[in-house]
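**Student:** Next one to model:
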Amino acid sequence: MQTEKAERITITLPPEMLASIKDKVRSGAFGSTSELIREAMRLWQKKEEEYETRLSLIRDRLANSTQSGTPVPLDDAFKTIERLHQQRIKKKLDEKI
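**Tutor:** Modelled structure (predicted):
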């Protein structure tokens, strides 16, 4: 297995972030600051991939919904929901009598 050559970069962090990194390394949770930053990058990449996957699923659902039948105007949809709700309430009241 061939690994890519690592490249050194310089980053600037606020003091509280740097202190947090140093504390984790000092505690033994990570072997080095580089190890911690690599893990943070892996987590960020995973989060980005999950976000892109969710976004893709939403786009697919939207595309499918535009092809799923005749569109209904929003006002008509709410009127239908209200009518069905009123029928349901009336049915429950009739059952109690």
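
**Student:** Please report how far the residue nearest the centre of the chain lies from residue 44.
**Tutor:** Among the residues of the chain, the one closest to the centroid is residue 51, at 5.1 Å (CA atoms, centre = their mean). Per CB to CB, to the nearest Å, residue 51 is found 10 Å from residue 44. The way it works is simple: take the backbone N, C-alpha and C, and place the C-beta from them, glycine included.

**Student:** and the residue nearest to the centre of the chain, what helix or strand is that in?
**Tutor:** Per DSSP states H and E: residue 51 is located in helix 33-66.

**Student:** Quick one: distance of that helix to the chain centre.
**Tutor:** 7 Å (CA atoms, centre = their mean, to the nearest Å).

**Student:** Name the residues that touch the very next helix or strand once past that helix?
**Tutor:** Sequence order places helix 74-96 as the next helix or strand after helix 33-66, per DSSP H and E. Outside helix 74-96, the residues that touch it by CB atoms under 8 Å, 6 or more residues apart in numbering are residue 72.

**Student:** For helix 74-96, output the C-alpha coordinates as PDB.
**Tutor:** Extracted in PDB, the C-alpha atoms of helix 74-96 (Å, rounded to 0.1, in the frame of the first residue of the first chain):
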ATOM      1  CA  LEU A  74     -51.500  25.300  -1.900                       C
ATOM      2  CA  ASP A  75     -54.700  27.000  -0.900                       C
ATOM      3  CA  ASP A  76     -56.700  24.000  -2.200                       C
ATOM      4  CA  ALA A  77     -54.500  21.600  -0.300                       C
ATOM      5  CA  PHE A  78     -55.100  23.500   3.000                       C
ATOM      6  CA  LYS A  79     -58.800  23.700   2.300                       C
ATOM      7  CA  THR A  80     -58.900  19.900   1.800                       C
ATOM      8  CA  ILE A  81     -56.900  19.300   5.000                       C
ATOM      9  CA  GLU A  82     -59.300  21.600   6.900                       C
ATOM     10  CA  ARG A  83     -62.300  19.900   5.500                       C
ATOM     11  CA  LEU A  84     -61.000  16.400   6.400                       C
ATOM     12  CA  HIS A  85     -60.100  17.700   9.900                       C
ATOM     13  CA  GLN A  86     -63.600  19.000  10.400                       C
ATOM     14  CA  GLN A  87     -65.100  15.700   9.200                       C
ATOM     15  CA  ARG A  88     -62.800  13.800  11.600                       C
ATOM     16  CA  ILE A  89     -63.900  16.100  14.500                       C
ATOM     17  CA  LYS A  90     -67.600  15.700  13.600                       C
ATOM     18  CA  LYS A  91     -67.200  11.900  13.400                       C
ATOM     19  CA  LYS A  92     -65.600  11.800  16.900                       C
ATOM     20  CA  LEU A  93     -68.400  13.900  18.300                       C
ATOM     21  CA  ASP A  94     -71.000  11.700  16.700                       C
ATOM     22  CA  GLU A  95     -69.400   8.600  18.200                       C
ATOM     23  CA  LYS A  96     -69.600  10.100  21.700                       C
END
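
**Student:** Fine by me, we can end here.
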